[in-house]
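Asker: curious how this folds, go ahead:
(chains A and B, ligands or ions: 3)
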Amino acid sequence: MSETYYECMRKQGITRRSFLKFCSLTAASLGLGAQGAQQIAHALETKPRTPVIWLHGLECTCCTESFIRSAHPLVGDVVLSMISLDYDDTLMAAAGDQVEQALEDTIKKFKGNYILAVEGNPPIGDDGIYCIPGGKPFVEKLKHAAKDALAVIAWGSCASWGCVQAAKPNPTTAVPIDKVIKDKPIIKVPGCPPIPEVMTGVVTYFLTFGRVPELDIQGRPKMFYGQRIHDKCYRRPHFDAGQFVERFDDAGARMGYCLYKVGCKGPTTYNACSAIRWNDGLSFPIQSGHGCIGCSEDAFWDKGGFYEHLTTVRPLGTAGIEGTADQIGGTLAAVAGVAIAAHAAASAIKQARSKTRNDLTSVPEKKVE
Amino acid sequence: MRADPVTGEVLQGPLEPVYVYEAPVRLAHWVFAIAITVLAVTGYLIGDPVSIQQGEASESFFFGWIRTIHFIAGYTLAIMFVVRVYWAIVGNKSARSIFVPPLWSPRWWKGVFAQASYYLFIGKERLWVGHNPLAQAAMFFMFTLGVIFMILTGFALYAQQWGWGLTPMNLFGWQFVLFEQPQTLRTLHHLGMWYVLLFVMVHVYMVFREDIMSGQSVISTMINGVRMWKAKPRAH
Ligand code: HEM
Ligand code: HEM
Ligand code: SF4
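Answerer: Ligands and ions are numbered 1, 2, ... in the order given. So this is what the prediction gives:
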């Protein structure tokens, strides 16, 4: 346990120069300023390494795919050398019983001192039989590994909110991990997948400072999820101007107008895509002409079509009527309009028939003494 | 003149004018009417915008203005609502009626059904000093509660531009947790518009109908505050 991160990295063949570069890059992405790089370097040089156990539940593994593609290959190398050492069943070389043994060993050896990173989520329906890694329901493995963890990171929308496997009707009863782990601090890093730089940033922050970064009320690190896609979107001037793409093949689409009317969920989605972007800052969905689908928000699969601004709702349950707010409200207003017209006509007829104008309206009169 | 203390039903003549709606109540009414009309028009356009298909983005702030007008009207509605709540506390009995309808009183419920049966051409007309109980029920459930909902959800959507951790989000952001995520809240805010608009449609119809047909003054009452009577006194 006495080995520091720095020593460990050097063993993996990372030069001091690369190490310092990594520190300044990460400090920049965490918004820590010039002091930050030194702080990170110092912490990594002096602190004993905190092991990371990375579990995989019901998932598509896109979080891992994203993680190993960190913009700077360097960042990936450094972080991977910090974390893959202990347990990650999709990245580690070992297989079979050997892997499960490694998990048990790490849990025992670093009791109360390791970080648990969870990708995917546990389906708890039918005693958890819909996800069986290593011969046991994932929910049990998760609880077992969480028991002695220092803190828990929920990777991606699966672990954070439930994502596609928890979308209606959720046949396997897949639940976000905070429904199962109640007694540990959980950092939610949602996205499908999350941005690699965000993932490495969160891990590095925790490892260097030994504490959970500042979280919002939904448990996400504020530094990456504090603002909406819409707040930093480079198409925002078109939004304010009222220049919208109407169809994906119109002139507006070619001119890079705002994608609000073709369903962009940027105005309701907290994530850093429009600031950090993807693939070494190359692009992000909106830049390539497709609206944001809101993949880092809770239950985004159940919020209507990806290509319409208005969400379709089912006011009378799943079997009932389905429509947007305007379709439902407009129909009700039309019905009310017809009822008003009918009532007005009936009132007019009644009025015409009655002999004296106010023959029904009268009050008993009595002199007040 | 004798009126029921709970429902405001006129029980006994002689009919005489009553000052029911004090100035702040009337002012608030017309400010609400204008603000809600503006909010509904701009809100609908925010949900389904018309788009400009030419020119430079820097030359136009068209959608920006629609949203700005929505926000100004939203603030106006909210501030007037707070003033109106204050007046409900310090003002006369009629000023309270749409905030605390006597839902616990069987007599009041009888009034609701009596007025409904009159509108269905079954029962006979009655006269009321303040709002009739049916109108009062609609005003409470559809206007008061509806507008509170619209103000809360509206300010939560509005707070988004500051991001998490700042005062507006600290005040209103809890709704995003309550309703899963911002898109749900947006949809509810949009549905809320139709809820309030249904009230407005029926309300405006009823106001004109009653003004023409009923035995009491209606529109002028919301202008000068005084309830006048057109009904004929009946010797008893
Ligand atoms: C967006 C439009 C409107 C809204 C939201 C609205 C809302 C309301 C509310 C909440 C009240 C109860 C007032 C209180 O006790 O504080 C009320 C009363 C009243 N409103 Fe409106 N109103 C609207 C439009 C109109 C219009 C266009 C008229 C007439 C031309 C009108 C005439 C009246 C009258 C006469 C009353 C008093 C009813 C009575 O005599 O008891 N309103 N309205
Ligand atoms: C009766 C009152 C109101 C009505 C009828 C109304 C209506 C609407 C509608 C229909 C939308 C479009 C939602 C969508 O995109 O589907 C909207 C958006 C919005 N409303 Fe309201 N609203 C009302 C009050 C308020 C208030 C009091 C505020 C607070 C300032 C507010 C702030 C907003 C905001 C911030 C948006 C989103 C605009 C954007 O981000 O582009 N609204 N409103
Ligand atoms: S493309 Fe989407 S995120 Fe960008 S300005 Fe338009 S609505 Fe906002």
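Asker: for A:Asp88, give its distance to chain B.
Answerer: Here the distance between A:Asp88 and chain B works out to 30 Å (Cβ to the nearest Cβ, to the nearest Å). In short, each C-beta sits where N, CA and C put it, glycine included.
Asker: equivalent analysis for A:Thr312, please.
Answerer: With distances taken as Cβ to the nearest Cβ, A:Thr312 is found 9 Å from chain B.
Asker: check the secondary structure at B:Gly74 for me.
Answerer: helix (DSSP: H, G, I helix; E, B strand; the rest coil).
Asker: in space, what's closest to it - neighbours in sequence excluded?
Answerer: Of all residues beyond its chain neighbours, the one nearest B:Gly74 is B:Gly154 (5.2 Å), with distances taken as Cβ to Cβ, 6 or more residues apart in numbering or on different chains.
Asker: how does chain A divide up, domain by domain?
Answerer: The domain map for chain A lists A:49-222, A:227-363, with the assignment taken from automatic domain parsing.
Asker: can I get those domains in JSON lines including distance to ligand 2?
Answerer: Putting the domains of chain A into JSON lines (distance: least, Cβ to the nearest ligand atom, whole Å) gives the following:
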{"stretch": "domain A:49-222", "distance to ligand 2": "19"}
{"stretch": "domain A:227-363", "distance to ligand 2": "5"}
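Asker: follow-up on the earlier one: OK, contacts around the residue nearest to B:Gly74?
Answerer: By Cβ atoms under 8 Å, 6 or more residues apart in numbering or on different chains, B:Gly154 lies in contact with B:Gly74, B:Ala78, B:His189.
Asker: how would you label it: helix, strand or coil?
Answerer: Three-state call for B:Gly154 (three-state DSSP): helix.
Asker: how about the single nearest residue of chain B relative to ligand 3, what does it touch?
Answerer: Going by Cβ to the nearest ligand atom, ligand 3 is nearest to B:Phe63 of chain B, at 9.9 Å. Contacts for B:Phe63 (Cβ under 8 Å, 6+ apart) come out as A:Phe239, A:Asp240, A:Ala241, A:Gly242, B:Pro49.
Asker: in what element of secondary structure is the first one found?
Answerer: Using DSSP states H and E, the secondary-structure element containing A:Phe239 is helix A:236-241.
Asker: repeat that for the last one.
Answerer: Counting by DSSP H and E, no helix or strand carries B:Pro49.
Asker: isn't it right up against A:Tyr260?
Answerer: Yes: contact criterion Cβ atoms under 8 Å: B:Pro49 and A:Tyr260 qualify, at 7.1 Å.
Asker: give me the distance between the residue nearest to B:Gly74 and B:Val196.
Answerer: Using Cβ to Cβ, to the nearest Å, we find B:Gly154 at a distance of 11 Å from B:Val196.
Asker: repeat for A:Arg211
Answerer: According to Cβ to Cβ, A:Arg211 and B:Val196 sit 46 Å apart.
Asker: now swap in A:Glu100 and tell me
Answerer: If you go by Cβ to Cβ, the gap between A:Glu100 and B:Val196 works out to 59 Å.
Asker: now do A:Lys179
Answerer: Distance check for A:Lys179 against B:Val196: by Cβ to Cβ, it reads 36 Å.
Asker: next one: A:Ala344
Answerer: For A:Ala344, the distance to B:Val196 equals 22 Å [Cβ to Cβ].
Asker: same check on A:Ala37?
Answerer: 54 Å.
Asker: quick one, what contacts the residue lying closest to A:Ala34 once chain neighbours are set aside?
Answerer: Closest residue in space to A:Ala34, ignoring its immediate chain neighbours: A:Ala27 at 7.9 Å, by Cβ to Cβ, 6+ apart. Residues counted as contacts of A:Ala27 (Cβ under 8 Å, 6+ apart) are A:Gly33, A:Ala34, A:Gly36, A:Ala37, A:Gln39, A:Ile40.
Asker: go again with 10 Å.
Answerer: A:Ala27 makes contacts with A:33-41, A:201, A:204-205, A:208, as judged by Cβ atoms under 10 Å, 6 or more residues apart in numbering or on different chains.
Asker: most neighbours among these, which one is it?
Answerer: Comparing the contacts of A:Ala27 by number of neighbours (other Cβ atoms under 10 Å in any protein chain shown), A:Gly201 comes first, having 29 neighbours.
Asker: centroid residue for chain B?
Answerer: The residue lying closest to the centre of chain B (Cα atoms, centre = their mean) is B:Phe143, at 3.6 Å.
Asker: where along chain A do the helices fall?
Answerer: In chain A, the segments counted as helices under DSSP state H are A:5-11, A:16-29, A:33-46, A:62-67, A:73-83, A:97-109, A:138-147, A:156-160, A:196-209, A:222-225, A:236-241, A:251-254, A:273-276, A:325-353.
Asker: so can I have CSV of those helices showing mean pLDDT and distance to A:Phe284?
Answerer: Shown next, in CSV, are the helices of chain A (pLDDT from 0 to 100; distance: least, Cβ to Cβ, whole Å):
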stretch, mean pLDDT, distance to A:Phe284
helix A:5-11, 83, 30
helix A:16-29, 85, 15
helix A:33-46, 87, 25
helix A:62-67, 88, 13
helix A:73-83, 66, 18
helix A:97-109, 89, 35
helix A:138-147, 95, 31
helix A:156-160, 96, 16
helix A:196-209, 85, 12
helix A:222-225, 91, 14
helix A:236-241, 96, 14
helix A:251-254, 94, 17
helix A:273-276, 92, 4
helix A:325-353, 94, 29
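Asker: buried deepest among those, which one?
Answerer: Neighbour counts (mean count of other Cβ atoms under 10 Å in any protein chain shown) averaged over each of those peak at helix A:156-160, with a mean of 30.
Asker: near chain B at all, that helix?
Answerer: No: no part of helix A:156-160 sits near chain B under the criterion Cβ under 10 Å from any Cβ of the partner chain; the closest distance found is 11.1 Å.
Asker: report the backbone C-alpha coordinates of that helix in CSV.
Answerer: Extracted C-alpha coordinates of helix A:156-160, given in CSV (Å, rounded to 0.1, in the frame of the first residue of the first chain):
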residue,chain,number,x,y,z
GLY,A,156,-22.8,6.6,-17.5
SER,A,157,-26.6,6.9,-17.6
CYS,A,158,-27.1,3.2,-16.8
ALA,A,159,-25.5,3.4,-13.4
SER,A,160,-26.8,7.0,-12.8
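Asker: and chain B, which of its residues are near ligand 2?
Answerer: Near ligand 2, the residues belonging to chain B are B:36, B:39-40, B:43-44, B:46-47, B:67, B:70-71, B:74-75, B:77-78, B:147, B:150-151, B:154-155, B:157-158, B:186, B:189-190, B:193, B:196 when assessed by Cβ under 6 Å from any ligand atom.
Asker: rerun at 8 Å
Answerer: Contact residues (Cβ under 8 Å from any ligand atom) of chain B with ligand 2: B:35-36, B:39-40, B:42-44, B:46-47, B:67, B:70-71, B:73-75, B:77-78, B:146-147, B:150-151, B:153-155, B:157-158, B:160-161, B:186-187, B:189-190, B:192-193, B:196-197.
Asker: are any of those residues buried, and which?
Answerer: For the residues of chain B next to ligand 2, a burial check counting by 16 or more other Cβ atoms under 10 Å in any protein chain shown picks out B:35-36, B:39-40, B:42-44, B:46-47, B:67, B:70-71, B:73-74, B:77-78, B:146-147, B:150-151, B:153-155, B:157-158, B:160, B:186-187, B:189-190, B:192-193, B:196-197.
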